[in-house]
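*Asks:* Predicted model and sequence below, questions to follow.
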Amino acid sequence: MAMDLLHLGFAVRDIETTTKAYRDLFGVAWAPIARYVLPDPDGGADQVSLVTHGHTGDGVEIEMVQTVSGQTVDARWFGDREGLSHIAFKVEDLAAERARLAVLGVEIVGEGSAPRADWFFVRDERLGGALVQLVQLRGS
């Protein structure tokens, strides 16, 4: 059961500078930067982030995420470190994947929803230090 790669996600401190560098140096085309506000699951301050998606010439999607405030998934697990934070896979049935991974003992560490998709993040010591995000796109 191989899943389709959706994107590689990076935590960055300055989304404007980083996306400009990837555009100028490697030709990555970026969508406009969007601001997302998600409620904190523990009742703390809202999680606020800036997010954009870019595509390489061969269609590989890259996501850049800058934490503005609150304990986003990136901030919670990686502090202020920049770099690869997660690998995202597209799934057809998010609820079924959540149940399957729970049986396997994988820890769910965050979840959310946006106009484009619903998702959750998992963390497991076997995953080499990155989080994995499972995403169900709307209309898939």
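*Replies:* Nice, thanks for sending it over.
*Asks:* hey, let's count contacts and neighbours off CA atoms from now on
*Replies:* OK.
*Asks:* so after the helix or strand bottoming out on mean pLDDT in the chain, what's the next helix or strand?
*Replies:* Ranking every helix and strand in the chain by mean pLDDT, DSSP states H and E puts helix 73-78 at the bottom, with a mean of 86. Going down the chain from helix 73-78, the next helix or strand is strand 83-90, by DSSP states H and E.
*Asks:* Which other helices and strands does the helix or strand where residue 132 lies contact?
*Replies:* Here residue 132 sits within strand 131-137, counting by DSSP H and E. Packed against strand 131-137 by the contact rule (3 or more Cα pairs under 8 Å, 6 or more residues apart in numbering; DSSP states H and E) you find strand 83-90, helix 94-103, strand 117-123.
*Asks:* Tabulate the ones you listed (CSV), appending mean neighbour count and mean pLDDT.
*Replies:* Below are these laid out as CSV (neighbours: other Cα atoms under 10 Å; pLDDT from 0 to 100):
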stretch, mean neighbour count, mean pLDDT
strand 83-90, 20, 93
helix 94-103, 13, 95
strand 117-123, 19, 95
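*Asks:* Export those to a markdown table and append columns for distance to residue 39.
*Replies:* Listed next are the helices and strands packed on strand 131-137 as a markdown table, based on distance: least, Cα to Cα, whole Å:
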| stretch | distance to residue 39 |
| --- | --- |
| strand 83-90 | 21 |
| helix 94-103 | 20 |
| strand 117-123 | 14 |
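*Asks:* for the protein, which helix is longest?
*Replies:* For the chain, the longest helix by residue count, based on DSSP state H, is helix 15-26.
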